[in-house]
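Novice: Below is the sequence, then the predicted model.
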Amino acid sequence: MRKILDSTFRAPEGQTATADFIEKNKRRPLVSEHPLVRVIPETGERVLFVSPSFLKSISGLSPRESQHLLELLFEHVSRPEFTVRFRWHPNSIAFWDNRTTSHLAPRDIISLDFDRQLYRITLRGEVPVGVDGKPSTSIEGEPVDAYSSENVH
């Protein structure tokens, strides 16, 4: 099973990263190799493990082959039948399981007639495992732990 190479944070498409953002990412790079298809441990479900924000190449393929396949996969996971448009109302809350969901932010949120406030958290979960039983591996860097449940007494 081919693995994917997951690279550092980058500014969203169409936006420019600040100098501070670029510098912080240079100081703390995160590069990992993950399965392209992972298995959800609770259900055994096989899911594509792709993210246009992080996935930069597919190991074992030439750069051109990798780019063409990634474009196809990104187009596939963002098809309308696989998306949800959440309708925000006062006191709304939304969350999703990143193991099986791709986040595709709408491009029209700038034109809203109210302020949208976002608090993002990432929960640490199990290490992704591919259909071949091989887990993800870290190539460079360590995850950032702002808070860990291990600190609860």
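Specialist: Yep, that arrived. Everything numeric in this text was worked out from a predicted model, so none of it was measured. Residues are numbered from 1 along each chain as shown.
Novice: What pLDDT is listed against the residue nearest the centre of the chain?
Specialist: By CA atoms, centre = their mean, the chain has its centre lying nearest to residue 51, at 4.6 Å. We have a pLDDT of 79 for residue 51.
Novice: Quick check: it vs residue 64, distance?
Specialist: Taking CB to CB, to the nearest Å as the measure, residue 51 falls 21 Å from residue 64. C-beta: built from backbone N, CA, C; applies to glycine.
Novice: now for the longest helix seen in the chain, which elements pack on it?
Specialist: Longest helix in the chain by number of residues, with DSSP state H as the criterion: helix 63-77. Applying 3 or more CB pairs under 8 Å, 6 or more residues apart in numbering; DSSP states H and E, we find helix 63-77 packed against strand 46-48, strand 55-58.
Novice: Just say which of the ones you listed is most tucked in.
Specialist: strand 55-58 (a mean of 18; mean count of other CB atoms under 10 Å).
Novice: Now it: average pLDDT?
Specialist: For strand 55-58, the per-residue pLDDT averages 85.
Novice: CA atoms of it as PDB?
Specialist: Below are the C-alpha coordinates for strand 55-58, written out as PDB (Å, rounded to 0.1, in the frame of the first residue of the first chain):
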ATOM      1  CA  LEU A  55      -0.900  16.000   1.700                       C
ATOM      2  CA  LYS A  56       2.000  17.000  -0.500                       C
ATOM      3  CA  SER A  57       3.100  13.800  -2.300                       C
ATOM      4  CA  ILE A  58       2.600  10.100  -2.500                       C
END
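Novice: what about that strand, distance to the chain center?
Specialist: Centroid separation for strand 55-58 versus its chain: 12 Å, with CA atoms, centre = their mean, to the nearest Å.
Novice: Fine by me, we can end here.
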